[in-house]
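Undergrad: Quick one: sequence and predicted model below, then my questions.
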Amino acid sequence: MLFRNCRLITPWEDRANGWLRIHGDEIAALGHFQAPDTHPGETVVDLDGLILAPGFVDIHCHGAGGGKASDEQGIATMARFKARRGGTAFVPTRQSVEPEWLGLVEHFRQEPPHGALVLGAHVEGVYVNPVCIGGLSLERSRSAYKEGELDDVLARFRDTIALMTLSPEIPGGPELIRTLVANDVVASVGHSCVTWEEFQAAVSAGLSHATHLFNATRYGYPPPERGLSRARLDEMVMLTDDLTSEVICDGAHVHPIMLRLALKAKGLTRISLITDATFTAGLPEGRYARDDGEEVYARPDDVCRSVKDNRVLGSNLTMDRAVRNAVRLMGVELRQAVQMATINPARVTGMSSRMGSLEVGKEANLVAFDERLTVRLTCVRGVVVFDPEDRCPPCVHRRVVD
């Protein structure tokens with residue numbers, strides 16, 4: 001299949017008059033100016049000047065489009081919704097190490113759903129400090145790690161769990177980090193009021209990522225004397241070059257000034273855009289019930305809030321909006337915003353050799369959008385899965401989601 005007449009965003013440039021050829025599920029060739037001659041029987045898609053970029057990768061998502069990451073139908077719904085918003089891969093996120101759920105995620109990892117690919121599971125909040133519980137469930141959390149208690153889970157699902165968010169300051173925190181790293185699971189700090197000494201010990205143990213920077217963190221020290229200032233997790237992460245981080249770029253969770261500060265401190269390659277979305281992302285404004293029975297109120301242009309006490313319980317963000325917001329709120333170029341939504345999160349999960357950029361030999365996971373960053377076509381592993389304008393003619397390379 002040959003895409004032509006497009007503006008290509010590669011890791012090195014953003015240029016008009018581009019073309020890209022797919023063979024099977026991989027990118028076979030790409031370039032600019034004169035497109036190559038077509039092969040006999042080759043499907044040709046004229047993008048009419050649209051921007052062609054790598055598909056978005058969301059490494060932190062609890063739900064979307066009415067689907068919840070907790071069940072089979074929900075994950076399948078998320079995959080379809082993600083594809084409609086330019087997503088080609090995501091990591092279902094839940095506060096659970098239950099074998100039934102991890103087995104479900106593994107099933108989708110091996111047998112991809114129709115739409116975006118499932119890269120693995122993000123376990124957020126099982127081992128967290130209850131003081132920083134945020135929108136997580138206190139009943140599902142454990143305030144300490146006992147050596148060996150995850151051995152059975154990791155023996156079965158070490159390839160399934162992509163990331164685990166934890167509080168390093170809980171008893172057994174450093175040992176938990178070492179256990180995760182030994183099993184090739186990314187250890188991420190979040191929902192934490194860690195001290196600098198505890199943070200340094202965690203980094204030495206293998207901590208490598210920070211979950212939703214600036215959210216669900218508190219000071220780990222006693223209140224300072226008046227006139228004195230102390231660091232909390234966010235400042236520690238920004239100071240530590242080796243750590244990657246993620247931000248919810250919806251304009252509500254994090255002030256634009258803080259987004260720009262994080263970018264200045266961490267650099268372009270160490271920040272990933274995420275949604276941290278709940279199942280209400282993409283749904284009409286209204287009231288909805290969470291798995292735990294709590295009623296929430298959601299608006300597409302705002303966060304998801306508890307009806308009971310107005311607490312923030314997640315976002316309604318989508319990855320296409322996150323990219324759009326990054327350009328507007330962080331002051332970056334489109335190519336840089338795309339990088340934070342593609343190759344950076346792919347690198348966090350160890351998938352950057354397969355996806356995240358338009359390069360020969362990588363999976364043909366693509367998104368085409370217009371100047372307003374409205375998604376117009378999505379392609380996953382060489383198959384067009386979203387094409388509302390029928391740019392791709394009927395063929396074996398076209399199987400659109402509902």
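TA: All right, it came through fine.
Undergrad: Could you find the closest non-adjacent residue to the residue nearest the centre of the chain?
TA: When the chain is reduced to its mean C-alpha position, the closest residue under CA atoms, centre = their mean turns out to be residue 58, at 2.1 Å. Distances taken as CB to CB, 6 or more residues apart in numbering put residue 90 closest to residue 58, at 4.3 Å, once the chain neighbours are dropped. The C-beta positions use only the backbone N, C-alpha and C, and glycine is treated the same way.
Undergrad: Can you name the residues bridging to that neighbour?
TA: On the basis of DSSP bridges, residue 90 takes part in beta bridges with residue 58, residue 118.
Undergrad: quick one, helices of the stretch 1-150 of the chain?
TA: Along the stretch 1-150 of the chain, the segments classed as helices by DSSP state H, counting those that start in this stretch run 72-84, 99-110.
Undergrad: Can you say which of these is packed in most?
TA: Among the helices of the stretch 1-150 of the chain, judged by mean count of other CB atoms under 10 Å, the one packed with the most neighbours on average is helix 72-84 (a mean of 23).
Undergrad: and that helix, what does it pack onto?
TA: The criterion is 3 or more CB pairs under 8 Å, 6 or more residues apart in numbering; DSSP states H and E, and the helices and strands that helix 72-84 contacts are strand 56-61, strand 63-64, strand 67-68, strand 87-94, helix 99-110, strand 117-118, strand 375-380, strand 383-386.
Undergrad: Reformat those as TSV; add distance to residue 367.
TA: Conversion of those to TSV gives the following (distance: least, CB to CB, whole Å):
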stretch	distance to residue 367
strand 56-61	6
strand 63-64	16
strand 67-68	20
strand 87-94	7
helix 99-110	21
strand 117-118	13
strand 375-380	5
strand 383-386	9
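Undergrad: Could I get the helices of the stretch 1-150 of the chain in JSON lines, plus columns for distance to residue 392?
TA: JSON lines is the format used below for the helices of the stretch 1-150 of the chain (distance: least, CB to CB, whole Å):
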{"stretch": "helix 72-84", "distance to residue 392": "14"}
{"stretch": "helix 99-110", "distance to residue 392": "25"}
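Undergrad: Could you dump the ones you listed into TSV with mean pLDDT added?
TA: Shown next, in TSV, are the helices of the stretch 1-150 of the chain (pLDDT from 0 to 100):
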stretch	mean pLDDT
helix 72-84	98
helix 99-110	98
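Undergrad: Out of those, flag the one nearest residue 213.
TA: Distance to residue 213, taken as CB to CB, is lowest for helix 72-84 among the helices of the stretch 1-150 of the chain, at 22.6 Å.
Undergrad: Give me the angle between the closest one and strand 87-94.
TA: 150 degrees (axes from the mean of the first three to the mean of the last three CA atoms, to 10 degrees).
Undergrad: got the CA coordinates for helix 72-84 in PDB?
TA: This file holds the C-alpha atoms of helix 72-84, laid out as PDB (Å, rounded to 0.1, in the frame of the first residue of the first chain):
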ATOM      1  CA  GLU A  72     -12.900  -7.900  28.100                       C
ATOM      2  CA  GLN A  73     -15.600  -5.900  26.400                       C
ATOM      3  CA  GLY A  74     -14.200  -2.700  28.000                       C
ATOM      4  CA  ILE A  75     -10.700  -3.200  26.600                       C
ATOM      5  CA  ALA A  76     -12.100  -4.000  23.200                       C
ATOM      6  CA  THR A  77     -14.100  -0.800  23.300                       C
ATOM      7  CA  MET A  78     -11.100   1.200  24.300                       C
ATOM      8  CA  ALA A  79      -9.100  -0.300  21.300                       C
ATOM      9  CA  ARG A  80     -11.800   0.800  18.900                       C
ATOM     10  CA  PHE A  81     -12.100   4.300  20.400                       C
ATOM     11  CA  LYS A  82      -8.400   4.800  20.500                       C
ATOM     12  CA  ALA A  83      -8.100   4.100  16.800                       C
ATOM     13  CA  ARG A  84     -10.800   6.700  16.100                       C
END
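Undergrad: now what about that helix, what contacts it?
TA: The list of residues contacting helix 72-84 from outside it, by CB atoms under 8 Å, 6 or more residues apart in numbering, reads 56, 58, 61, 63-69, 88, 90, 92, 104-105, 107-108, 112-118, 279, 281-282, 319, 375, 378, 380, 385-386, 401-402.
Undergrad: 7 Å instead, please
TA: Contact with helix 72-84 is made by 58, 61, 63-69, 90, 92, 104, 108, 113-116, 118, 282, 378, 380, 385-386, 401-402, as judged by CB atoms under 7 Å, 6 or more residues apart in numbering.
Undergrad: One more: stretch 104-124?
TA: For stretch 104-124, the external contacting residues (CB under 7 Å, 6+ apart) are 59-60, 72, 75-76, 79-80, 82-83, 87-93, 95-97, 102, 157, 160-165, 190, 211, 349, 351, 380, 385, 401.
Undergrad: Tell me which of the helices and strands packed on helix 72-84 sits nearest to residue 15.
TA: For these, proximity to residue 15 was assessed by CB to CB; strand 375-380 is nearest, at 19.0 Å.
Undergrad: in its sheet, what does the closest one sit against?
TA: The sheet places strand 375-380 alongside strand 366-369 (antiparallel), strand 383-386 (antiparallel), with pairing taken from DSSP bridges.
Undergrad: Show me where the stretch 201-350 of the chain has its helices.
TA: Assigned by DSSP H, counting those that start in this stretch, the helices in the stretch 201-350 of the chain fall at 233-239, 256-266, 319-329, 334-341, 343-348.
Undergrad: still on that earlier bit, of the contacts of helix 72-84, keep whichever come out buried.
TA: Neighbour counting by 16 or more other CB atoms under 10 Å classes 58, 61, 63-69, 90, 92, 104, 108, 113, 115-116, 118, 282, 378, 380, 385-386, 401 among those as buried.
Undergrad: Buried ones in the lowest-mean-pLDDT helix or strand in the chain, by neighbour count?
TA: For the chain, counting by mean pLDDT, DSSP states H and E, strand 304-306 ranks last in confidence among helices and strands (a mean of 91). Under the neighbour-count criterion of 16+ other CB under 10 Å, strand 304-306 has 304, 305 buried.
Undergrad: Relative to residue 365, how far out is the nearest residue to residue 373 once chain neighbours are set aside?
TA: Closest residue to residue 373 apart from its sequence neighbours, by CB to CB, 6+ apart: residue 324 at 4.5 Å. Using CB to CB, to the nearest Å, one gets 20 Å for the distance from residue 324 to residue 365.
Undergrad: Perfect, that will be all.
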